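In: No sequence on hand, only this structure:
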């Protein structure tokens, strides 16, 4: 595996030719029926979801959608979801629980949308609810970061039994640009931010946030989308088989523990 | 003449400070006056203290320390602190993070941005967590996440209700992705406490934003807010930058959240203790199983 810096990987995932979930779905699943709407307000184009078949096995797919051109990006709001997107995700996840299908989430977002209407419709509440409900969802959940995993907007699809990262994908508390802007009041220091943020797949494995790195072809997924899709496919078959064998109460306990143990603190003990 | 020019400059830019002029020099102590950040009204600090740090002109409930909050909320002498000696390490080796924390610990006397523990409110036992904005704007890192998770777990074990006074700028950037994961960790702890049929009340205080709004603060069975406080997900400047427009003043206020359906009630500070006690009582809380 070639050791690229976070900055180099950021350039790879920003490549216009990088495959999106729309490219991957037909290559990974035999069938896919897209389902729309949150039943409360509307249908968000930034998050798509539906029922798919993975080698004959029914699964629910929930994904953040990056556009491949300006029209697609307009329709999907550059993969920045509104609250109704997260609520659609939760509706489909609950449906998966009912019909005992595993849930597969594909994460690829700069973050949840920051706008007036998003605030009015409760962006914070929508994300919070997903974190709580996914933690207790009685069916296996696997999340894969395809490109950018930005902030709470990514985490809302990231409470799972196992988190995998494509080799060049990044996952961070905020975009490197936002990080530089908040901490140094200078958004142009993006490259410096990349250097210290610890956001590559390897960093996340070391920090106990991710469990698996899925290989990309040399130079990045865009050099061979088919191969990348095959790698994802292979991983999904393996992980779902493994997670489906675990009794649901054990699985939920392990899911909670996975997040419960993340943290770096010290306790002085008084004698 | 040149001197005069400088005088003008100084006067203009020393807004709010004493004029540095030999003739008018008066010793004014710090915190003598309070200027409301919402309505810009100025009043004597003494008057402001008397109203529990509520702006007498507009009713803005200003930020108070965790100590002050506990004092005005729980029964005297009833508070027993949990995990008092927990401090954060530096998970992503962020430059100067250790040093900054050391300075803040000395300045505020706090170990991190939250105090958790057990107390009674009008005799009713509960677990209480209070965030303190003086410590890195009460951002959520490992310590805030861990202390909250433990507080919820203890409450679940003991069959106690939880009351959280939230205040936060959001996730603690200096702890990188580890801080983001605290959102999942605390929300999970809330979920497990809730599964046991136990009550969780959140009180949103100034400011409740970012990753804290998008996790445990929005998950209370009952969500209370103090008047005029800031509550929201994205920062105001970020939104203004996105839409290229100035936002109305009441945007992301407690009142805005109430109108949009994300807060159950707005309760004034002077009525908070009474309100909490009544709500606890209505949920049959009588001190838990221990």
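Out: Cool, the structure landed. All of these numbers come straight from a predicted model, not from anything done at the bench. Numbering: from 1, shown residues only, chains lettered A, B, ... in the order given.
In: Low-confidence ranges, the stretch 151-290 of chain B, go.
Out: B:287-290 (pLDDT under 70).
In: those strands in it, which residues are they?
Out: Assigned by DSSP state E, counting those that start in this stretch, the stretch 151-290 of chain B shows strands spanning B:162-168, B:200-208, B:222-225, B:265-266.
In: who in the stretch 51-200 of chain B is up against chain A?
Out: B:83, B:85-95, B:142-143, B:145-146, B:149, B:171, B:173-185, B:187-192, B:194-195 (C-beta under 8 Å from any C-beta of the partner chain). Using the backbone N, CA and C atoms, a C-beta is placed for each residue, glycine as well.
In: Mind doing that once more with 6 Å?
Out: Selection of the stretch 51-200 of chain B residues close to chain A by C-beta under 6 Å from any C-beta of the partner chain yields B:85-89, B:91-92, B:142-143, B:145-146, B:171, B:173, B:176-177, B:179-181, B:184-185, B:187-188, B:191.
In: follow-up on the earlier one: just say which of the strands of the stretch 151-290 of chain B is most tucked in.
Out: The highest mean neighbour count among the strands of the stretch 151-290 of chain B, using mean count of other C-beta atoms under 10 Å in any protein chain shown, belongs to strand B:162-168: a mean of 28.
In: Report all helices and strands that it contacts.
Out: When contacts are defined as 3 or more C-beta pairs under 6 Å, 6 or more residues apart in numbering or on different chains; DSSP states H and E, strand B:162-168 sits against strand B:124-131, strand B:200-208.
In: strand partners of it, parallel vs antiparallel please.
Out: Here strand B:162-168 is paired, per DSSP bridges, with strand B:124-131 (parallel), strand B:200-208 (parallel).
In: now the shortest one: how far from the chain's centre is it?
Out: Meaning strand B:124-131. With C-alpha atoms, centre = their mean, to the nearest Å as the basis, strand B:124-131 stands 14 Å off its chain's centre.
In: any residues touching that strand, and which ones?
Out: Applying C-beta atoms under 6 Å, 6 or more residues apart in numbering or on different chains, the external contacts of strand B:124-131 come out as B:66, B:69, B:113-116, B:118-119, B:138, B:148, B:151, B:155, B:160-168, B:280, B:285, B:287-288.
In: Show me what counts as buried in stretch A:55-66.
Out: Burial within stretch A:55-66, assessed by neighbour count using 16 or more other C-beta atoms under 10 Å in any protein chain shown, is assigned to A:57, A:59, A:60, A:61, A:62, A:63, A:64, A:65, A:66.
In: for the first one, what are its contacts?
Out: The one in question is residue A:57. Listed by C-beta under 6 Å, 6+ apart, residue A:57 has no contact partners.
In: Phi and psi next, for it.
Out: When read as degrees, to the nearest 10, the backbone of residue A:57 gives phi -100, psi 130.
In: again, but for residue B:120
Out: Main-chain torsions, residue B:120, degrees, to the nearest 10: phi -120, psi 150.
In: Pull the number of nearby residues for it.
Out: Residues lying near residue B:120 (other C-beta atoms under 10 Å in any protein chain shown) number 18.
In: Surely it touches residue B:75?
Out: Yes. At 4.6 Å, residue B:120 and residue B:75 qualify as touching, with contact defined as C-beta atoms under 6 Å.
In: OK, contacts around the residue nearest to residue A:38 when sequence neighbours are not counted?
Out: Of all residues not flanking residue A:38 in the chain, residue A:87 sits nearest, at 3.7 Å (C-beta to C-beta, 6 or more residues apart in numbering or on different chains). Taking C-beta under 6 Å, 6+ apart, we find residue A:87 in contact with A:38, A:40, A:126.
In: burial measure for the last one, as a count.
Out: Looking back up the chat, that one is residue A:126. Using other C-beta under 10 Å, residue A:126 has 28 other residues around it.
In: cool, the first one as well?
Out: Look at residue A:38: counted by other C-beta under 10 Å, it has 21 neighbours.
In: my read: it touches residue A:89, true?
Out: No. Contact criterion C-beta under 6 Å: residue A:38 and residue A:89 do not qualify, at 8.5 Å.
In: can you point me to the longest helix in the chain?
Out: Chain wasn't specified; assuming chain A. In chain A, taking DSSP state H as the definition, the longest helix is helix A:225-244.
In: other chain: chain B
Out: Every helix in chain B considered (DSSP H), the longest is helix B:176-195.
In: Please identify the buried residues of that one?
Out: B:176-194.
In: Please apply the same query to stretch A:220-239.
Out: Going by neighbour count (16+ other C-beta under 10 Å), the buried part of stretch A:220-239 is A:220-222, A:224-225, A:228-229, A:231-233, A:235-236, A:239.
In: try stretch B:143-163
Out: Within stretch B:143-163, the residues scored as buried using 16+ other C-beta under 10 Å are B:143-152, B:154-156, B:159-163.
In: tell me how far that stretch is from the chain's mean position?
Out: With C-alpha atoms, centre = their mean, you get 18 Å for stretch B:143-163.
In: can you check stretch B:51-68 too?
Out: Relative to the centre of its chain, stretch B:51-68 is centred 11 Å away, using C-alpha atoms, centre = their mean.
In: what mean pLDDT does that stretch have?
Out: Mean per-residue pLDDT for stretch B:51-68: 94.
In: List the buried residues in that stretch.
Out: B:51, B:53, B:54, B:55, B:59, B:60, B:61, B:62, B:63, B:64, B:65, B:66.
In: thinking the last one is in contact with residue B:132, fair?
Out: By that I understand residue B:66. Yes. Look at residue B:66 against residue B:132 with C-beta under 6 Å: they come within range, at 4.0 Å.
In: picking up where we left off before, next secondary structure after the host helix or strand of the residue nearest to residue A:38?
Out: Using DSSP states H and E, residue A:87 sits in helix A:83-98. Counting by DSSP H and E, the element after helix A:83-98 in chain order, helix or strand, is strand A:103-109.
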